[in-house]
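# can't give you the sequence, but here's the structure:
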């Protein structure tokens with residue numbers, strides 16, 4: 001068979017036409033040791049802090065310790081598959097996770113992978129888990145209320161959009177219940193909620209998701225789950241991932257709420273990682289930068305300026321105390337970072353006052369500037385009245401003969417304490433809270449027994465829905481009680497008093 005020179009030339013030209021001289025360079029290291037979700041890697045000379053690393057079997061790593069001769073990295077994935085001598089590649093990008101509106105309604109793990117069995121999440125957007133918080137120039141004061149639907153909070157320790165309000169208390173005092181009620185209340189208010197479950201049982205997380213689905217709240221919620229059965233690195237990174245997801249909405253002019261449940265377990269996971277990485281232990285064996293762990297997370301919550309789109313990210317971190325000790329290490333750290341705290345007390349919870357909010361230790365440092373004017377005008381003196389009532393109640397236990405004014409203060413306080421009780425999963429609209437609060441503070445409840453207060457409130461709400469929807473709508477739109485509206489509220493309450501007494 002004869003082969004012509006022209007044919008050989010033609011084939012060579014075709015092959016040379018597709019030749020590319022580009023070379024693929026990668027910095028490759030080797031695993032020196034691995035254990036408890038931590039790997040020590042040799043050979044990554046130019047590795048960055050927080051950089052994403054590629055390991056075999058689809059396991060990802062995140063560089064934390066940059067030492068002279070090695071890199072300490074936390075492993076995100078099944079670290080039991082990694083062996084000494086395995087190859088590690090740099091990606092030259094900081095650890096990032098999927099973000100975007102496609103995540104809403106889904107349950108994901110700490111690195112944004114779906115774990116709800118509903119298939120892949122079709123998003124091509126990524127957000128860095130660690131970013132610098134917006135500066136002072138890029139922010140504006142917190143003025144817009146984030147309504148929780150919980151009377152005691154909206155009246156006395158109100159939360160604003162862009163605020164960081166701590167939920168603190170012993171275990172089993174209703175901290176998660178308050179957070180879930182707040183998420184349920186955001187339905188139809190244009191707030192995307194991110195619930196970050198840290199170190200909880202899988203069954204507990206599944207229960208929370210079921211509750212949110214039952215109340216139609218998963219339509220505006222993302223659940224990030226780093227459960228007790230996950231390795232410590234997942235628990236460490238989960239709050240930062242949740243914040244990155246919330247920042248996407250904040251930076252696009254929307255409003256987001258991030259609940260971290262809870263940061264006590266987050267701090268414990270970070271302590272575990274730090275000790276394995278051989279960082280020096282300090283007080284209670286926590287590393288020296290444990291304050292920075294939470295401050296750099298919570299500082300990212302903000303209300304952006306008009307130039308930046310007016311978006312907001314609100315943070316509600318949860319901290320578990322031991323026997324009500326709010327002066328312990330981690331609680332005091334987080335209290336000093338946040339803009340106020342809601343303290344839930346075990347004694348109040350066990351005595352049937354739920355939500356069990358201790359008015360004396362609870363505070364919102366944003367104050368009335370983020371409160372609806374109508375609520376501010378009605379509930380302005382409630383906090384003082386309740387504090388006065390608690391003091392008198394303690395004194396009255398040892399006194400047999402009380403003057404009339406003291407008796408009146410005690411009677412009013414008992415009724416307001418009863419009025420502030422609220423069932424779980426039943427957040428109230430602002431306008432119904434305002435009318436109920438007006439009735440309690442202005443003596444409309446004084447004529448009834450303490451046991452009738454909850455029934456009075458239920459029947460008042462039904463009466464308002466059936467006969468006075470216009471009044472509710474007007475308060476909702478104006479957001480303040482004008483003289484005319486105040487007179488209308490008085491007339492409605494007087495009318496309802498006759499109906500309620502006739503039923504009684």
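Everything's here; your move. All figures in this text were calculated on a predicted structure; none of them were measured in a lab.
# Tell me the spacing between the nearest residue to residue 288 once chain neighbours are set aside and residue 105.
Using C-beta to C-beta, 6 or more residues apart in numbering and skipping residues adjacent in sequence, the residue nearest residue 288 is residue 282, 5.0 Å away. Using the backbone N, CA and C atoms, a C-beta is placed for each residue, glycine as well. As for residue 282, its distance to residue 105 is 42 Å (criterion: C-beta to C-beta, to the nearest Å).
# Check residue 305 too.
30 Å.
# Residue 254 too?
15 Å.
# thinking again about what came up before, please say which of residue 282 and residue 105 ends up with more neighbours.
Higher neighbour count among residue 282 and residue 105: residue 105, with 17 against 14, using other C-beta atoms under 10 Å.
# Show me what counts as buried in the host helix or strand of residue 408.
Secondary structure from DSSP states H and E places residue 408 in helix 404-419. By 16 or more other C-beta atoms under 10 Å, the buried positions in helix 404-419 come out as 409-410, 412-419.
# Dump the residues you listed into TSV; add distance to residue 278 and pLDDT as well.
Shown next, in TSV, are the buried residues of helix 404-419 (distance: C-beta to C-beta, whole Å; pLDDT from 0 to 100):
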residue	distance to residue 278	pLDDT
409	60	86
410	60	90
412	60	91
413	56	91
414	58	92
415	59	94
416	55	94
417	52	93
418	55	95
419	55	95
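# I'd like these written out as TSV, with distance to residue 99 added.
TSV is the format used below for the buried residues of helix 404-419 (distance: C-beta to C-beta, whole Å):
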residue	distance to residue 99
409	53
410	53
412	50
413	48
414	49
415	48
416	44
417	44
418	45
419	42
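# just how off-centre is the helix or strand containing residue 269 within its chain?
Assigning secondary structure by DSSP H and E places residue 269 in helix 263-276. Computed by C-alpha atoms, centre = their mean, to the nearest Å, the chain-centroid distance of helix 263-276 equals 19 Å.
# what helices or strands is it leaning on?
Applying 3 or more C-beta pairs under 8 Å, 6 or more residues apart in numbering; DSSP states H and E, one finds that helix 263-276 contacts strand 191-198, helix 232-251, helix 290-298, strand 312-320, helix 329-337.
# The same query, at a cut-off of 6 Å, please.
Where contact means 3 or more C-beta pairs under 6 Å, 6 or more residues apart in numbering; DSSP states H and E, helix 263-276 is packed against helix 232-251, strand 312-320.
# Just want the angle from it to helix 232-251.
130 degrees (axes from the mean of the first three to the mean of the last three C-alpha atoms, to 10 degrees).
# Please spell out which residues along helix 263-276 are buried.
For helix 263-276, burial by neighbour count (16+ other C-beta under 10 Å) applies to 263-276.
# chain center to stretch 169-176: distance?
With C-alpha atoms, centre = their mean, you get 15 Å for stretch 169-176.
# what does it contact?
167, 261, 318, 320-321, 324, 344, 346, 349, 354-356 (C-beta atoms under 6 Å, 6 or more residues apart in numbering).
# which among these gets closest to residue 50?
residue 261 (24.2 Å; C-beta to C-beta).
# Identify the residues contacting the residue lying closest to that closest one once chain neighbours are set aside.
Distances taken as C-beta to C-beta, 6+ apart put residue 318 closest to residue 261, at 4.8 Å, once the chain neighbours are dropped. Counting by C-beta under 6 Å, 6+ apart, residue 318 touches 167, 175, 261-262.
# Please convert the buried members of those residues into PyMOL selection syntax.
To isolate the buried subset of those in PyMOL, counting by 16+ other C-beta under 10 Å, use the following:
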select buried, resi 167+175+261+262
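# what's the closest of the contacts of residue 318 to residue 431?
Nearest member of these to residue 431, counting by C-beta to C-beta, is residue 167, at 25.3 Å.
# Show the subsequent helix or strand relative to the one helix or strand the closest one maps to.
Using DSSP H and E, residue 167 falls within strand 166-169. Using DSSP H and E, the helix or strand that follows strand 166-169 in sequence is helix 175-185.
# That next one vs strand 312-320, what angle?
160 degrees.
# what's the offset of helix 175-185 from the middle of its chain?
When C-alpha coordinates are averaged (C-alpha atoms, centre = their mean), helix 175-185 and its chain have centres 9 Å apart.
# What average pLDDT does it get?
Mean pLDDT, helix 175-185: 97.
# Ok, stretch 88-106 next?
95.
# gap between the two ends of it?
Using C-alpha to C-alpha, to the nearest Å, the end-to-end distance of stretch 88-106 comes out at 31 Å.
# in it, what counts as buried?
By neighbour count on 16+ other C-beta under 10 Å, the buried set for stretch 88-106 is 88-91, 94-100, 103-106.
# just stretch 306-318 next, same as before
308, 310-318.
# now the stretch 301-450 of the chain, which segments are flagged as low pLDDT?
399-400 (pLDDT under 70).
# Strands of that one, residue ranges please.
302-303, 312-320, 340-344, 363-364 (DSSP state E, counting those that start in this stretch).
# out of those strands, nearest to residue 189?
Within those, the stretch nearest residue 189 is strand 312-320; the backing value is 11.9 Å (C-beta to C-beta).
# Now do that closest one and strand 340-344, the angle between them.
Using the same axes, to 10 degrees: strand 312-320 against strand 340-344 is 40 degrees.
# Make a ChimeraX selection of the buried ones in the contacts of stretch 169-176.
Buried subset of the contacts of stretch 169-176, written as a ChimeraX selection, criterion 16+ other C-beta under 10 Å:
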select :167,261,318,320,321,324,344,346,349,354,355,356
